[in-house]
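Trainee: Provide a 3D model corresponding to the input given below.
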Amino acid sequence: MPVPVVLLQCPTWARRGQFCEMMAGMRRPDCPVPTSMKRFGEVHRFWHRALDNYADPEEYLPDLNAAIQAARNTTFALQKEKAQVPDFDEWYKRWQDALRSDPVMKWLHDARTRIVHSGDLEARSVTTVRLEFNYQDAAREIASDLGAEAPAPPQNEESTQASFAAPALVKPQDIAEYLRSNYVPEALVQESTVSYERRWEDDGLPGRELSGALAHGYAALGRLLAGAHTQANATCDHDYGCEDALPFGPVTTSVRPPSCMATTRHLRTRTVELHTGLPPEPGVSTAVKFDPQQYDRAQRRYVGEDGRPIPIDFMKANTVLDLIPAQIEHAKAILRSGEDHGWFIIFYRGGIPVGNRMLAAANAQQKRELAKEVAEVALKLDANGVLEVGEIWMSPSSEVDGQFTRPADHPERREAVSLHAMLISGKEVQVIIPFTRPEGLGGPVEFGEVEILDEVINNFMAPLRAAWDWKKRFHPAERGASFFRNAKG
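Mentor: Modelled structure (predicted):
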């Protein structure tokens, strides 16, 4: 009977490298198939290297080919170690029948010699290009990420998404340069981002994305090697991926890969700035944890005009809309204290706040990415209402001397606080609180007439509208973070 060996997990920095493989024999002297396990570990390592460079064919294709060769070498090594597995021939015949009947495993058997060169892959490499100019583009990106039908562009807009067969060696930067030179108006170049979703396929396995197919093959090999250990009555332990144990079970190739080998559209997509061809700098998004002491201090500092704390009863509110009167008074109180408003989002389930984000962005690209993050957070939190609060500029017109002028740059601009509430039902309400500080920041505040608009559309919320629309149509009963993970994966 083999002596049990306790496997110490490889450190994260070494898990994908050669360190774990080098130490494998030292840690598992009783393993009946050590060479097979070493080749199996190479599949995992090369697979992750390939996925990390999915958008770069010069890096992806060699690592993919290496992973496929390692997968084939795993079964070769197992047959050479047959002496360590009792009744190997009879046991392995059942596995051979299962492997031959699986289209992916048959493809792995034949693929090594066919995809050494990129020719076959080149014909099946399809790139989906998505340009983002505005929040509607961001909404279409969110819908696509969730696998939903993307909202159609308005009648006066052209679609900013296109799919085409891309030569295997074309990189995202090459496509960005082409679009910059031939397609996108110069006025939009600085504010645009481009997302590239590449999907690699092979003519020998039509309709299957290759990283996903290889993950399936890895899982089937894991079940095969687990069976070899059972057949040999071995007690050694092995890492399957994500620190999971080998998938022991009956003879079948229908095995779930480890979660670290998921191949969602999100993981196959790269986003770059159109004007530089480089990944964009992210905006700032911070969740603020509830602090009872800080809340008490805020209640004493931000008071009404009568000097008394502003009451707000979340338990009596059916939705965030019921909280708007109290939120108006809170917004005024913050300004009276001499402070500026930040830009933040509060997420609600009914009338109860369930989360928040403080946001900051330096440009339009960062704002679009934050808008998409707000949509994702709302799904994770199972929120059915949100409140956006922030200071804005207003202007009497969108032009100065016949030229388009943003409100922040208009000579007659005015400051205001905006409260924008939106429900999953589609109801939106915006509150505009104009104000001036005649003596500058920190001085007394004078408020204009409060405007309440109930027929308004907040463009920043376009991605959230798309996400909520998808949830209502396809997953109305599912809730929370597990629902969001299922949607993404």
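Trainee: hey, where'd the helices end up in the stretch 51-200 of the chain?
Mentor: 57-80, 88-100, 103-114, 119-123, 135-145, 172-182, 186-189 (DSSP state H, counting those that start in this stretch).
Trainee: list the buried ones in the third one?
Mentor: Think helix 103-114. 103-105, 107-108, 111 (16 or more other Cβ atoms under 10 Å). For glycine as for every other residue, the C-beta is placed from the backbone atoms N, C-alpha and C.
Trainee: now pLDDT and distance to Ala298 too, for these, in TSV please.
Mentor: Putting the buried residues of helix 103-114 into TSV (pLDDT from 0 to 100; distance: Cβ to Cβ, whole Å) gives the following:
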residue	pLDDT	distance to Ala298
Pro103	92	62
Val104	92	58
Met105	92	61
Trp107	89	62
Leu108	89	61
Ala111	82	62
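Trainee: about what we covered before: any idea which of the helices of the stretch 51-200 of the chain is most buried?
Mentor: Highest mean neighbour count among the helices of the stretch 51-200 of the chain (mean count of other Cβ atoms under 10 Å): helix 135-145, with a mean of 23.
Trainee: re the thing from before, distance to Met461 added to the helices of the stretch 51-200 of the chain, as TSV?
Mentor: As requested, these are exported to TSV (distance: least, Cβ to Cβ, whole Å):
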stretch	distance to Met461
helix 57-80	36
helix 88-100	50
helix 103-114	42
helix 119-123	41
helix 135-145	8
helix 172-182	27
helix 186-189	22
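Trainee: the ones you listed: which one's closest to Tyr196?
Mentor: helix 172-182 (4.8 Å; Cβ to Cβ).
Trainee: so what's the gap between the closest one and the chain middle?
Mentor: 24 Å (Cα atoms, centre = their mean, to the nearest Å).
Trainee: thinking again about what came up before, nearest to Lys332 among the buried residues of helix 103-114?
Mentor: Nearest to Lys332 among these, counting by Cβ to Cβ, is Val104 at 63.1 Å.
Trainee: ok, that closest one - contacts?
Mentor: By Cβ atoms under 8 Å, 6 or more residues apart in numbering, the contact set of Val104 is 205, 208, 213, 216-217, 220, 253.
Trainee: so which of these would you say is closest to Arg140?
Mentor: The shortest gap between Arg140 and any of these belongs to Arg208, at 25.9 Å (Cβ to Cβ).
Trainee: what number of residues are in the vicinity of that closest one?
Mentor: 19 (other Cβ atoms under 10 Å).
Trainee: wait, isn't it in contact with Leu214?
Mentor: No. Judged on Cβ atoms under 8 Å, Arg208 makes no contact with Leu214 at a distance of 9.7 Å.
Trainee: run a quick neighbour tally on Glu191.
Mentor: By the criterion of other Cβ under 10 Å, Glu191 has 17 neighbours.
Trainee: who's in contact with Thr281?
Mentor: For the record, residue 281 is Glu, not Thr. Glu281 touches 362, 366, counting by Cβ under 8 Å, 6+ apart.
Trainee: just the strands in the stretch 101-250 of the chain please.
Mentor: 126-132, 161-165, 193-199, 239-241, 244-245 (DSSP state E, counting those that start in this stretch).
Trainee: any idea how far Pro172 is from Val129?
Mentor: According to Cβ to Cβ, to the nearest Å, Pro172 stands 9 Å off from Val129.
Trainee: what's the overlap in contacts for those two?
Mentor: Common neighbours of Pro172 and Val129 (Cβ under 8 Å, 6+ apart) are 194, 196.
Trainee: ok, so of the buried residues of helix 103-114, who is nearest Ala383?
Mentor: Nearest to Ala383 among the buried residues of helix 103-114, counting by Cβ to Cβ, is Val104 at 39.4 Å.
Trainee: if we can go back for a sec, quick one, which of the strands of the stretch 101-250 of the chain gets closest to Ile310.
Mentor: That would be strand 126-132 among those, by Cβ to Cβ, at 39.5 Å.
Trainee: could you list the low-pLDDT ranges of the stretch 151-300 of the chain?
Mentor: Where the stretch 151-300 of the chain drops to pLDDT under 70, the residues are 151-169, 187, 242-244.
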